[in-house]
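Colleague: Show me how the following folds:
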Amino acid sequence: TPPPAMLRLLRPGLRAPVDADFLTWATGVAGPEGARAAAHYSAVALFHHDPGSLSAAFVHERLRRATKLPPEAHYPRGGWGALIDRMAAHAWNLGVRVETLSRVDTLPADTPVVVATSLESARRLLDDPSLTWPSGRTVLVDLALRTRRGDPFVVSDLDAPGWLERFTAQDRTLAPAGEQLIQGQVPVGPGASKAEGAARADELLDLGFAGWRERLTWRREALADG
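Modeller: This next block holds a predicted model:
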C-alpha cells in the first residue's frame with residue numbers, strides 16, 4: 001500500500017516545476033518516504049533506474065497518469081503483436097512497403113523511407129555522430145506460469161523501481177489454457193548487469209506469486225538499452 005504521504009503529491013491543482021529534480025521537490029511536499037515511493041512507483045511509465053533525479057514536472061505528470069482511476073492503459077486483444085499487424089496492414093493498403101530483417105547499407109534517394117533501427121546503427125548508416133539520446137536501461141522478464149487462483153494483477157516495487165504485471169488478467173488469449181503470462185521490467189543503472197535486474201524480478205515474484213518456481217513453464221530475459 002502506498003504511504004499516505006504519497007497521496008499529497010496527487011492533490012488536484014498541484015503543479016511540479018520543470019527545473020527541479022522530482023525527489024527534491026516531492027520531499028518538500030510529501031516527505032522523504034512519500035517522495036521515494038512516488039518516484040519508484042512512477043518507474044512503471046519511465047523505465048529509468050533513478051526516477052527521482054529526473055525533472056519534477058516530467059515525473060509528476062506520469063505519476064498522475066499511472067495512478068489514475070480508471071486506468072488510462074488499454075489492452076489490445078491478442079497483445080501488442082496483433083496491434084502491430086493491424087498497423088502494418090493499414091500501411092500496406094496506403095501504398096507503404098514494409099520489409100523486416102533486411103540489411104540496410106545505403107538509403108534510397110528517390111522515395112521517402114523509414115528505417116527502424118538502434119541509434120548506434122543509425123549513427124553508422126547516416127555517418128552522424130550527433131545521434132545520441134540519454135535513456136534508461138531496463139531488464140525485461142517474461143514468464144509463463146501454471147494458473148493459480150489469487151495471483152495479483154500488478155506488483156509494484158516502492159523500495160526501488162520495478163514492477164510485474166499479469167497480462168492474462170486482461171486478455172486470457174495471450175497464454176495457453178491453464179497458464180498465465182507475467183511480464184516485468186526492472187530498471188538498472190549504467191553499471192548493473194542483466195543478472196542483477198533478473199534477481200530483483202525474482203524477489204518481486206517471491207513476494208507476489210506464491211510457488212511461482214514450481215509453476216514455471218517458460219521464461220525469457222532481455223536487457224533494453226536506449
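Colleague: buried sites along the longest helix belonging to the chain?
Modeller: The single longest helix within the chain, with elements called by DSSP state H, is helix 22-41. Residues of helix 22-41 classed as buried by neighbour count (16 or more other C-beta atoms under 10 Å): 22-23, 25-27, 29-30, 34-41. The C-beta positions use only the backbone N, C-alpha and C, and glycine is treated the same way.
Colleague: what's the closest of these to Lys68?
Modeller: Tyr41 (12.5 Å; C-beta to C-beta).
Colleague: my guess is that closest one contacts Val154, does it?
Modeller: No: at 10.7 Å, Tyr41 and Val154 do not qualify as touching, with contact defined as C-beta atoms under 8 Å.
Colleague: who's in contact with the residue nearest to Thr24 when sequence neighbours are not counted?
Modeller: In this structure, Thr24 finds its nearest non-sequential neighbour in Ala56, 7.6 Å apart by C-beta to C-beta, 6 or more residues apart in numbering. Ala56 makes contacts with Ala16, Pro17, Val18, Ala20, Asp21, Phe22, Thr24, Trp25, Ala26, as judged by C-beta atoms under 8 Å, 6 or more residues apart in numbering.
Colleague: Can you tell me how far Ala56 is from Gly162?
Modeller: 21 Å (C-beta to C-beta, to the nearest Å).
Colleague: tell me the contacts of Ala169?
Modeller: Counted by C-beta under 8 Å, 6+ apart, Ala169 has contacts Phe153, Gln180.
Colleague: correction: Ser55
Modeller: Contacts of Ser55 by C-beta under 8 Å, 6+ apart are Val18, Asp19, Ala20, Asp21, Phe22.
Colleague: hey, what's it bridged with?
Modeller: Asp21 (DSSP bridges).
Colleague: follow-up on the earlier one: by neighbour count, which of the contacts of Ser55 wins?
Modeller: Among those, Phe22 has the most neighbours (other C-beta atoms under 10 Å), with 28 neighbours.
Colleague: which ones are touching it?
Modeller: By C-beta under 8 Å, 6+ apart, the neighbours of Phe22 are 16, 35, 38-39, 42, 51-56, 58-60.
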